[in-house]
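Trainee: Take this sequence and fold it.
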Amino acid sequence: MVDGGVRDQAVDAAGVAGPGSGLHQSLDVVLVADVGAEPGHRAARPGDVGDDRLEFLAVAATADDVDAPGGEPPGDRRPDATGGACDHSGIHTGGSTGGDKDVSQPVADFPYTGVKAPAVPTVAMPNGESAVVVGAGFGGLSAACYLADAGLEVTVLEKNDQLGGRASVLEAEGFRFDMGPSWYLMPDVFERFFGHFDREPADFYDLQRLDPHYRIFFKDGDSVAVTDDREAMYELFESYEAGAGDALESYLETSATHYEVAMENFVYTDRPRLRDWLDLDVLRAAPVGLQLLGTMDDYVADYFDHPKLRQIAQYSLVFLGGAPHNTPALYNIMSHVDFELGVHYPDGGMRSVVEGCVELGRELGVDYVTGAEVTEIVNRKSGFLVESAAGDVGADYVVSDADYAHTEQELLPDHERQYDADYWDERTYAPSAFLLYLGVKGDVDPLAHHTLVLPSDWDRHFERLFDDPGWPADPAYYLCVPSETDDDVAPEGHSTLFALVPLAPGLDDTDEARARYRDQLLEDVAANTGVDLRERIVFEETFSVSEFADRYNSREGTALGLAHTLRQTALLRPPHRSSASPGLYFTGAYTTPGIGVPMCLVSGEHAADALLSDLQA
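Mentor: Residues are numbered from 1 along each chain as shown. Modelled structure (predicted):
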């Protein structure tokens, strides 16, 4: 039907059966296009829909069935089509041919101004099920692979022009920077992920184990290197405090045990409900689980007195978005990750890991669409309609890897939100960051691939992150120099370096504040590492709170998500399965297991498992 009285989300009286309508019974109506053009724009014509493919198949309803705007159009259902989208849409969808298509390119705009792109029909699968994944961070990439492997038709919609979420890349003037995660930790998690699909990381990228793992410059002039040599580390600790060598050995043995128990029972096993914690496995793991009741500050103090040793044992909390006083002691497992599992570098940077996940997804039949910011998720009787800048996509299920708060507050109607605005206002968010990307002439010895610069008293920096938000006067920060390991990330005779200072989320990062802090940071680097970069900079770019908010729709510009505080750990984090919108699931750093690339890979598995278990129920 052409212009059968249908506009937007509502059906007017002329298109339904009833007195005066001219219809004696409800009719099956093919909506060729929305022909109600806005003033100044031409109306669509039937010929604008190519190849006889349909946007929707709709059944006219009675006037009593008309929904308000934003609700489900009466009687809507997606056609059981096996073809792709209309030729005009420019959206790459469907298909299960995997790697023979370049599906990562930005989609073309729909050519007719003022007319919505036709919805992408659901491509029929043997089980007739399809899923849209919103966001291509590691959680979304992971969930897409698991779902496609289970036989669902999966389309990933990514807002930005690169896949990988925060693991994007900045390339300019011969320099290449990992803009987000730069530490490859917990290699066992990556092996497990790829192993599920009978693959291994080496099928997609090469790894180097870094030695030293990292170097620490203390601001009193002292420095240490954390290396693979365990005996040397015992001696290093002993040199600071009598008995600390033996204490480190005991600490790491306990950390290894905690890691094994925690990964099996609290990370790889999702326990979203209280009753999930009432089983024998949890009871056996109770000694580890009870560590949730203490803080890292208190736990580490039982082993070491010297403040520098405590800092070495707790620096990894920055990866969890917490502070020693508010992070559960269970996360002593990160010391096992650091000292025993080691720190690695994927050749080409973390981008290589993203490309590996995407390549795997393509092999499994996943479609990827970039430049497709999602603007609304509509849960209809017949399935979901995901509205995006690249066109509308129909699916049976939706998995959101977008910022959880953004999804609930901006993409869903009020009645399909699990939490109100007050809930999100009351959460504790992990820090944002001030990032300074630098291309510099010459080398930057003695900086290592990973370098930490720590003040003697770092409590004040943590206070500025959580208790008294502001720009830290004496910051703790991180320097990454991938050109120390990878010659391909910088022009010959140059170094690629970025500095990261954790900042309070929501901080006002004006141009003036950033310029002032940039100068302060470069002066601090020179004073405390002996490396003066100021006269050697040939490329420079900053990225901070406002960019995290704008680029990633990140609540308060957090760089990581919800902090791992005592009240935001395990089942106290938002769930994978929406309780308000059946068929909607969540993955990423807001859910369990939590923050970090390895945890997001596992989160994708949990979200997929939740969806598949509901599908089979």
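Trainee: Tell me, how many residues neighbour Ala490?
Mentor: Other residues near Ala490 come to 23 when the count uses other Cβ atoms under 10 Å. Any C-beta I mention is one placed from the backbone N, CA and C, and that applies to glycine too.
Trainee: quick one: contacts for it?
Mentor: Shown in contact with Ala490 (Cβ atoms under 8 Å, 6 or more residues apart in numbering): 174-176, 439, 483, 496.
Trainee: State the distance from it to Phe237.
Mentor: Remark: distance between Ala490 and Phe237 (Cβ to Cβ, to the nearest Å) = 35 Å.
Trainee: which among the contacts of Ala490 end up buried?
Mentor: Among the contacts of Ala490, those scoring as buried are 175-176, 439, 483, 496 (criterion: 16 or more other Cβ atoms under 10 Å).
Trainee: picking that back up, out of the contacts of Ala490, what pair is the most spread apart?
Mentor: For the contacts of Ala490, the maximum inter-member distance is 10.9 Å, found between Gly174 and Ser483 (Cβ to Cβ).
Trainee: Need the overlap of contacts for these two.
Mentor: By Cβ under 8 Å, 6+ apart, Gly174 and Ser483 have these common neighbours: 490, 494.
Trainee: Now do the contacts for the residue nearest the centre of the chain.
Mentor: The chain has Gly137 as the residue nearest its centroid, 4.1 Å off, counting by Cα atoms, centre = their mean. Shown in contact with Gly137 (Cβ under 8 Å, 6+ apart): 164-167, 401, 588, 600.
Trainee: From those residues, pick the one nearest Leu612.
Mentor: Nearest to Leu612 among these is Asp401, at 16.8 Å by Cβ to Cβ.
Trainee: Could you break the protein into its assigned domains?
Mentor: For the chain, automatic domain parsing gives the domain ranges 6-65, 227-345, 429-548.
Trainee: What is the host helix or strand of Ser142 packed up against?
Mentor: Using DSSP states H and E, Ser142 sits in helix 138-149. Contacts defined by 3 or more Cβ pairs under 8 Å, 6 or more residues apart in numbering; DSSP states H and E place helix 138-149 against strand 130-134, strand 153-157, helix 187-196, helix 350-364, strand 397-400, helix 597-616.
Trainee: Can you redo these as TSV, where the extra columns are mean pLDDT and distance to Glu535?
Mentor: Below are the helices and strands packed on helix 138-149 laid out as TSV (pLDDT from 0 to 100; distance: least, Cβ to Cβ, whole Å):
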stretch	mean pLDDT	distance to Glu535
strand 130-134	98	46
strand 153-157	98	45
helix 187-196	97	39
helix 350-364	98	30
strand 397-400	98	47
helix 597-616	95	35
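Trainee: Nearest residue to Tyr315 in space, please, no chain neighbours.
Mentor: Residue nearest to Tyr315 in three dimensions, not counting chain neighbours: Leu452, with 5.9 Å by Cβ to Cβ, 6 or more residues apart in numbering.
Trainee: For the stretch 301-450 of the chain, which segments are assigned as strands?
Mentor: Ranges of strands in the stretch 301-450 of the chain, per DSSP state E, counting those that start in this stretch, are 344-346, 367-369, 374-380, 383-388, 391-395, 397-400, 432-441, 450-454.
Trainee: Tell me which of those strands sits nearest to Thr269.
Mentor: Shortest distance between Thr269 and the strands of the stretch 301-450 of the chain, using Cβ to Cβ, is found for strand 397-400: 19.6 Å.
Trainee: Now that closest one: buried residues?
Mentor: 397-400.
Trainee: so Asp396 touches Leu147, yeah?
Mentor: No: in this structure, Asp396 is not within contact of Leu147 by Cβ atoms under 8 Å, at 10.8 Å.
Trainee: Mutual contacts of those two, please.
Mentor: Shared contacts of Asp396 and Leu147, defined by Cβ under 8 Å, 6+ apart, are found at Ala131.
Trainee: Neighbour count for the two, which is higher?
Mentor: Leu147 (29 against 21).
Trainee: The more buried one and Val399, how far apart?
Mentor: Leu147 sits 7 Å away from Val399, going by Cβ to Cβ.
Trainee: okay, and the common contacts of those two?
Mentor: Common contacts of Leu147 and Val399 (Cβ under 8 Å, 6+ apart): 131, 133, 608, 611.
Trainee: Reformat these as TSV; add distance to Asp297 and neighbour count.
Mentor: Shown next, in TSV, are those (distance: Cβ to Cβ, whole Å; neighbours: other Cβ atoms under 10 Å):
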residue	distance to Asp297	neighbour count
Ala131	42	26
Val133	38	37
Ala608	36	28
Leu611	38	27
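Trainee: Most widely separated two among those?
Mentor: Maximum distance among these (Cβ to Cβ): 10.5 Å, for Val133 and Leu611.
Trainee: Where does pLDDT dip in this structure?
Mentor: Flagging of the chain using pLDDT under 70 yields the residue ranges 1-128, 271-293, 319.
Trainee: Check the burial of His415 by counting its neighbours.
Mentor: 9.
Trainee: again with Ala242
Mentor: For Ala242, using other Cβ under 10 Å, the count is 11.
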